[in-house]
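Peer 1: structure here, sequence nowhere to be found:
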């Protein structure tokens, strides 16, 4: 291409001794032209973020560029001295990051931090800078730009913070914008808005964009061209349409296949009997305040009523802050609900005393989100799984023996029971968590975002395992997730939550096929790459 | 305004703490062998039981413990700390006389420790694991391990006895009481060694915390953002890192105000400074329990005031505090 | 075993451990090397160090062997430092664990008390305790322990606060564990490493507190303690400064050794801090 902005030529980045591999990047060659969005896709550990840092020459101390060239604006960035690099950063190449909260200095105002761009690279007066900052904030469509300029990062929402980051990055009209997973930390509706904003601004300013993501949905939404990375090397690159519709490399095919379809599978026949009924459950939090003054009241869960038929899977979907996790914790009584009933096996779970809950808890078990935080790092895997039965009176030896059988059930090597949690991968840990919950032979399993922290390919494996176990053990499951694709795949029924209340519920195929509530419709249309998946799903069907 | 009300609320919350301390120490002192009257009689060179009883009645010491406690608190509300029989003056007067040297010493030591702790901490963090860092960190460890009273004695040997640069003790020259600028200089000369002695361990603590917190902040995401903007390292530190890194250090000042006041007991004894700390020591030796209780009250009050100021400072540095309410 | 290897990777930590072992050796061998009472008259007063082979470190104002007092003083410093630290850490863990785990009014009450202890300057409280209960070895040790617990309590509480909402603790709850099982079996083992590391700070401060008390002649006068000796040497400071200087160096080295070991432990138990 004639107007290439950046080209990497056999870029190789060396990791320090003791890392899990010798090179973060090996022989990476690619180019970005003006007015195009190049998506770099890969799972965690593929080296895609390291590449962004290498281009900015902001690699961690012991990580070094071994060889290769990075041509930008007629010079090789690998050979640039620190002063030259400082001129390029911000003015020539700008960057936005995954976590807008931590990427902004908490002690300085938004306007101050955006204005710093001009202070570094231009000789503009204070008044001029202020005017430019205002204009930029208007450009990124922040509500009330004047107030936003004076606000501190903690006073803005996640989406607004990312808008401010984008305003900062585009302040000096850089030729290249590097976006490192800029929407991963955001809710799906906010994500859709930010993706649209990046697309609009890029087209208006003819910027070249290097967009790093792990999500093929996002790729389908925004990419002109795609680079697929695995273990620090490029396995495939080409035009977005070609790569998405006709992937050549096996890994690319695997990644695309792992993106769950949006359409629900044909409904299973559900039992007429309910195992769990939730009726009018509410939970309100009061925070802050002194002697009742100035307290903030948050209604986390508002009057929620749901039914879980025996053997069915009920999905509870919603964005962050919708109250879905609080509801899950109310159901297992990690949190005490203020009002309402949770009836399991004819017992009102919401009214049980502490002692009774401890006894009855084996009927309802929970699987947690974070496979790193949900296992006690100081206990061996088999011990973790055996803990429940031991607490409920089983003798230690037989509980451990049983735990090893459970290992097999969840697809782990039974001999792995002597290892500690940190010796397992994320997906394996989640299997241990599942085995721990199953050890008590519960009737109901409450799974709180069980696959959100996993890479897509691992996600698919864990979901398959869960579906298989459900069949095999006759489990009834409450499945909490923010990801509608995941919900579509595994849930028979879904309930959509917003601001603590259920706005819509019913059979998954109905809710996703013909959404009634405007919020459900908004959620579904906000899914990145929706059109692509629908087309693909239609082809498969 | 929000900030002020916030800090004010914290101040109000420390009133129960103050009473808790007073009641606790008052009851504790009831267990002490001998009371004020015993001390007084000892000073008078003995006396008969009848005099003792009369005196006890006079000081209200014949009442029950709860009644005495009630009495004491009631007087305290009216800012009356009782009477020191050893000094023959109201306790409040004795303490007020002794307060200025202590406050001067603490302010000087704190400023010294804070300023150099900050500078050394930043220098060490900038050159982490290179020789300036190694040197500063090693010195920090040694300063931390040095008993302050011993450092004071050795400083006297070197600077007063051998070099004869500085006075070895006291608050000002007794022989020639000077006024004006020369008087100030005289007091300053007397305070140099005590300030160094008291400040040394805090210098060590501050530089260590500053170094650690600089290193921590340097690893945060927004520092990467600042670098990605094209900012040079010096400005990255001054504009983005420093203020964030200062927060733990400011917190520490509040937490250690009490430790510093405690340290002044020893330092004032070494340098014969007529301050609150020395008064505390003297009242323990002379069993002047009324004065001791008064000192407990005043030093707790001092710590609370320092914490109030620290709260204000912290809220100015960190806008997130005001939002939390 | 990884932790041991990591510990010895730092030369400072290794030096600290060697110094500490030397001091322990001094304390153990004191009775063998100096079978006589260290506080008994041994020879002429104020003999300079290295001038008389019988008194390697010289004698003090009343003619007692300084070297003997240094050896016996190691016992006192380690004993008081060690026992006071155990007392402070135990109280601290107890208070911090309950405050952090239960929160609410339990936390409120316990933290108020902790705050009271922190608001009152610890050395002033130490003076009050000594004034009330006297200056025997036992009372001084307990008093030093009692004024030192608030910081470990706060640390333990902070650890418990962050750990009690961790998912593995919630998982334990859903398995039906009792509060005590959760506190002792799940949270405490994970909260302990930073507290153990902090114990070195407590011990260093405890040794310094006791020596300061002894320097003011408010500690037990009937034992050979480094602080006592410094206080004694103060009377002859202008000429025979060595009487104060020598025990001061002993204190410095001991506290330094304890701090170095603590730092080494910290790096060994929290490896990620070092690698960054």
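Peer 2: Received the coordinates, thanks. Here the structure is a predicted model, which is why all the values come from computation and not from measurement.
Peer 1: so where's the chain shaky on pLDDT?
Peer 2: Just going to use chain A. Under the criterion pLDDT under 70, the flagged ranges of chain A are A:1-2, A:287-295, A:539-541.
Peer 1: let me rephrase: I mean chain C.
Peer 2: Checking chain C against pLDDT under 70 turns up C:1, C:271-276.
Peer 1: secondary structure element for the closest residue to chain B within it?
Peer 2: Shortest chain C-to-chain B distance, computed as Cβ to the nearest Cβ: residue-wise this is residue C:123, at 2.9 Å. Where you see a C-beta, it was placed from the backbone N, CA and C, and this is true even at glycine. Using DSSP states H and E, the element containing residue C:123 is helix C:122-133.
Peer 1: now do that helix: which elements does it pack against?
Peer 2: Packing contacts for helix C:122-133, counted by 3 or more Cβ pairs under 8 Å, 6 or more residues apart in numbering or on different chains; DSSP states H and E, involve helix B:2-30, helix B:242-270, helix B:276-285, helix B:289-317, helix C:137-148, helix C:188-215.
Peer 1: ok, and what's touching that helix?
Peer 2: Here helix C:122-133 makes contact (Cβ atoms under 8 Å, 6 or more residues apart in numbering or on different chains) with B:25, B:28-29, B:31-32, B:258-259, B:261-263, B:265-266, B:280-281, B:284, B:287, B:289, B:292, B:295-296, B:299, C:117, C:139-140, C:143-144, C:146-148, C:209, C:212-213, C:218-219.
Peer 1: count the neighbours of residue A:409 for me.
Peer 2: 17 (other Cβ atoms under 10 Å in any protein chain shown).
Peer 1: wait, what's in contact with it?
Peer 2: A:435, A:438, A:469.
Peer 1: so what's the residue count around the nearest residue to the second one once chain neighbours are set aside?
Peer 2: Think residue A:438. Using Cβ to Cβ, 6 or more residues apart in numbering or on different chains and skipping residues adjacent in sequence, the residue nearest residue A:438 is residue A:406, 6.0 Å away. Neighbourhood size, residue A:406 [other Cβ under 10 Å]: 22.
Peer 1: what residue lies at the spatial centre of the chain?
Peer 2: Reading this off chain A. With distances taken as Cα atoms, centre = their mean, residue A:184 lies nearest the centre of chain A, 5.4 Å away.
Peer 1: the intended chain is chain B.
Peer 2: Short answer for chain B (Cα atoms, centre = their mean): residue B:261, at 2.5 Å.
Peer 1: how close does it get to residue B:289?
Peer 2: 19 Å (Cβ to Cβ, to the nearest Å).
Peer 1: touching, residue C:160 and residue C:191? I think so.
Peer 2: Yes: Residue C:160 lies in contact with residue C:191 (Cβ atoms under 8 Å); the separation is 5.9 Å.
Peer 1: identify the contacts common to the two.
Peer 2: residue C:97.
Peer 1: and stretch B:75-95, which residues are buried?
Peer 2: B:76, B:81-87, B:90-92, B:94-95 (16 or more other Cβ atoms under 10 Å in any protein chain shown).
Peer 1: tabulate those residues (CSV), appending distance to chain A.
Peer 2: Below are the buried residues of stretch B:75-95 laid out as CSV (distance: Cβ to the nearest Cβ, whole Å):
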residue, distance to chain A
B:76, 25
B:81, 31
B:82, 34
B:83, 39
B:84, 39
B:85, 43
B:86, 44
B:87, 42
B:90, 37
B:91, 35
B:92, 33
B:94, 38
B:95, 33
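Peer 1: how close does the one residue in chain B that gets nearest to chain C get to chain A?
Peer 2: Proximity of chain B to chain C (Cβ to the nearest Cβ) peaks at residue B:262, 2.9 Å away. According to Cβ to the nearest Cβ, to the nearest Å, residue B:262 and chain A sit 32 Å apart.
Peer 1: what do you get for residue B:110?
Peer 2: From residue B:110 over to chain A (counting by Cβ to the nearest Cβ), the distance is 23 Å.
Peer 1: that residue against residue B:260, yeah?
Peer 2: Yes: shown here, residue B:110 and residue B:260 form a contact pair, counting by Cβ under 8 Å, at 6.8 Å.
Peer 1: ok, which residues in chain C are in contact with chain A?
Peer 2: C:166-168, C:170-178, C:181, C:186, C:189-190 (Cβ under 8 Å from any Cβ of the partner chain).
Peer 1: let's see that with 7 Å instead.
Peer 2: C:166-168, C:170-171, C:173-178, C:186, C:189-190 (Cβ under 7 Å from any Cβ of the partner chain).
Peer 1: give me the buried subset of the residues you listed.
Peer 2: For the residues of chain C next to chain A, buried by 16+ other Cβ under 10 Å: C:166, C:167, C:168, C:170, C:171, C:173, C:174, C:175, C:176, C:177, C:186, C:190.
Peer 1: ok, so of these, who is nearest residue C:48?
Peer 2: Proximity of those to residue C:48 was ranked by Cβ to Cβ; the top entry is residue C:190 with 55.1 Å.
Peer 1: spatially nearest residue to residue A:390 (excluding sequence neighbours)?
Peer 2: residue A:399 (5.1 Å).
Peer 1: which one is residue 60 nearest to, not counting chain neighbours?
Peer 2: In the absence of a named chain, chain A is used. That would be residue A:53: by Cβ to Cβ, 6+ apart, it lies 7.7 Å from residue A:60.
Peer 1: my bad, chain C
Peer 2: Going by Cβ to Cβ, 6+ apart, residue C:60 has residue C:243 as its nearest residue, at 5.1 Å.
Peer 1: which SSE is the one you found in?
Peer 2: Going by DSSP H and E, residue C:243 is in helix C:242-269.
Peer 1: ok, residue A:282 next?
Peer 2: strand A:274-287.
Peer 1: show me the contact partners of that strand.
Peer 2: By Cβ atoms under 7 Å, 6 or more residues apart in numbering or on different chains, the residues outside strand A:274-287 that reach it are A:295-310, A:326-327, A:330-331, A:335, A:337-344, A:443-444, A:476.
Peer 1: what about the residue nearest to residue C:60, how many neighbours?
Peer 2: If we define neighbours as other Cβ under 10 Å, then residue C:243 has 27 of them.
Peer 1: also residue C:251?
Peer 2: Neighbours of residue C:251 (other Cβ under 10 Å): 26.
Peer 1: isn't it right up against residue B:148?
Peer 2: No: with contact defined as Cβ atoms under 7 Å, residue C:251 and residue B:148 do not form a contacting pair (10.8 Å).
Peer 1: picking up where we left off before, what about the residue of chain B closest to chain C, distance to residue C:244?
Peer 2: 21 Å.
Peer 1: equivalent analysis for residue A:458, please.
Peer 2: In terms of Cβ to Cβ, residue A:458 sits 67 Å off from residue C:244.
Peer 1: one step back: by neighbour count, which of the contacts of residue A:409 wins?
Peer 2: That'd be residue A:435 among the contacts of residue A:409, by other Cβ under 10 Å, with 27 neighbours.
Peer 1: my read: that residue touches residue A:384, true?
Peer 2: No: at 8.4 Å, residue A:435 and residue A:384 do not qualify as touching, with contact defined as Cβ under 7 Å.
Peer 1: mind checking the SS state of residue B:104?
Peer 2: helix (DSSP: H, G, I helix; E, B strand; the rest coil).
Peer 1: what's near enough to touch it?
Peer 2: residue B:191.
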